[in-house]
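*Asks:* compute the structure for the input listed below.
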Amino acid sequence: MKANHLRPVAREVLTTLDRLQFATMDQLVYWVQIKQPAMSKTLRQLCDGGQVSVDRALRPHIYSLTNVGRRAIASKAPKKIVRSAAVMRHICHRNQSEMMLRQRYERMTFQSRTAWFKYGLNPAHGEHGAKDVDGYTLVLLDDYLMDSSRIAHSWTRPHAANDRYWSHPQIRHWRDVVNRFVVVSTDEGQCERHQGYIEKKGLDDSVRVLHVEPLWENIC
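*Replies:* Okay, here's the model as predicted:
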């Protein structure tokens with residue numbers, strides 16, 4: 001499938017993968033809004049054409065855009081993307097969290113890490129900023145059995161701003177920008193531990209804990 005002959009649905013798949021970086025087939029079905037057989041056929045064609053690559057080490061498989069696919073849609077995204085198993089799984093769990101949270105918060109969509117630089121913020125691992133119709137949300141995604149103390153740390157830590165995007169002397173925190181803080185964990189036991197920590201620290205009114213089903217068994 002040549003770049004200048006991309007069907008609209010194929011272009012939509014490439015554009016979606018460009019935003020998500022990594023995704024499962026079901027996640028692409030959700031975003032592109034076509035049925036699974038049609039998505040399977042499209043992904044097979046894109047893989048055969050070299051625009052999409054697939055990691056088959058886990059089920060569900062993980063799909064990502066190649067440099068060929070990036071050029072096909074004239075993407076300006078960075079060409080060098082970390083492709084470790086942990087990173088790919090984390091991003092797919094982020095996608096799953098986004099899909100779940102959109103049922104609660106209208107049109108919630110995660111923004112890229114660099115999008116937050118202009119606010120003086122520098123997201124750390126697991127910290128994902130999202131925008132919805134009501135404002136901004138910090139989602140702290142725990143799919144690696146983090147210590148509960150990370151919750152307070154993420155909310156209060158001062159950010160080392162990127163000077164290219166933020167030249168103001170003011171030190172920023174997530175709480176200065178977002179109006180909602182949600183902790184999402186792929187482990188139900190972790191959710192209980194995090195909720196206990198939040199209650200102990202008196203953060204009940206500031207933080208919400210939610211569970212999202214893990215995509216892979218025996219992997220948090």
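*Asks:* for residue 10, which residues are in contact?
*Replies:* 1, 42, 45, 46, 51 (Cβ atoms under 8 Å, 6 or more residues apart in numbering). All C-beta spots, glycine's among them, are computed from the backbone N, C-alpha and C.
*Asks:* is there a quick PyMOL command that grabs whichever of those are buried?
*Replies:* If you want just the buried ones from the contacts of residue 10 in PyMOL, going by 16 or more other Cβ atoms under 10 Å, the selection is:
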select buried, resi 42+45+46+51
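*Asks:* can you put the contacts of residue 10 in CSV and add distance to residue 71?
*Replies:* Listed next are the contacts of residue 10 as CSV, based on distance: Cβ to Cβ, whole Å:
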residue, distance to residue 71
1, 13
42, 18
45, 17
46, 13
51, 9
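*Asks:* pLDDT value on residue 204, please?
*Replies:* Residue 204 carries a pLDDT value of 83.
*Asks:* tell me how this structure divides into domains.
*Replies:* Listed domain ranges for the chain are 3-80, 87-211 (source: automatic domain parsing).
*Asks:* so which of these is nearest residue 217?
*Replies:* domain 3-80 (9.7 Å; Cβ to Cβ).
*Asks:* the longest strand seen in the chain packs against which elements?
*Replies:* What stands out as the longest strand in the chain, according to DSSP state E, is strand 135-142. Using 3 or more Cβ pairs under 8 Å, 6 or more residues apart in numbering; DSSP states H and E as the contact test, the elements touching strand 135-142 are helix 85-101, strand 127-132, helix 149-156, strand 180-185.
*Asks:* buried stuff in the third one?
*Replies:* What that stands for is helix 149-156. So helix 149-156, judged by 16+ other Cβ under 10 Å, has buried residues 150, 151, 154, 155.
*Asks:* run the chain-centre distance for it.
*Replies:* Between the centre of helix 149-156 and the centre of its chain there are 19 Å (Cα atoms, centre = their mean, to the nearest Å).
*Asks:* contacts for it next, please.
*Replies:* 124, 126-127, 138, 140, 142, 173-175, 181, 183, 194, 197-198, 201, 203, 206-207.
*Asks:* got the residue ranges for the helices in the protein?
*Replies:* Here the chain has its helices, by DSSP state H, at 8-20, 25-32, 36-48, 67-72, 85-101, 149-156, 188-200.
*Asks:* give me the most central residue, this protein.
*Replies:* Among the residues of the chain, the one closest to the centroid is residue 94, at 3.7 Å (Cα atoms, centre = their mean).
*Asks:* that residue touches residue 128, doesn't it?
*Replies:* Yes - Residue 94 lies in contact with residue 128 (Cβ atoms under 8 Å); the separation is 5.6 Å.
*Asks:* any shared contact partners between these two?
*Replies:* In contact with both residue 94 and residue 128: 110, 139, 141, using Cβ under 8 Å, 6+ apart.
*Asks:* among those, which one is most surrounded by other residues?
*Replies:* Counting by other Cβ atoms under 10 Å, residue 141 has the largest number of neighbours within those, with 24 neighbours.
*Asks:* what bridges to it?
*Replies:* residue 184 (DSSP bridges).
*Asks:* report the contact partners of residue 19.
*Replies:* By Cβ under 8 Å, 6+ apart, the contact set of residue 19 is residue 112.
*Asks:* give me the pLDDT value at it.
*Replies:* Residue 19 is assigned a predicted lDDT (pLDDT) of 95.
*Asks:* equivalent analysis for the one 5 residues further on, please.
*Replies:* At residue 24, the model reports a pLDDT of 98.
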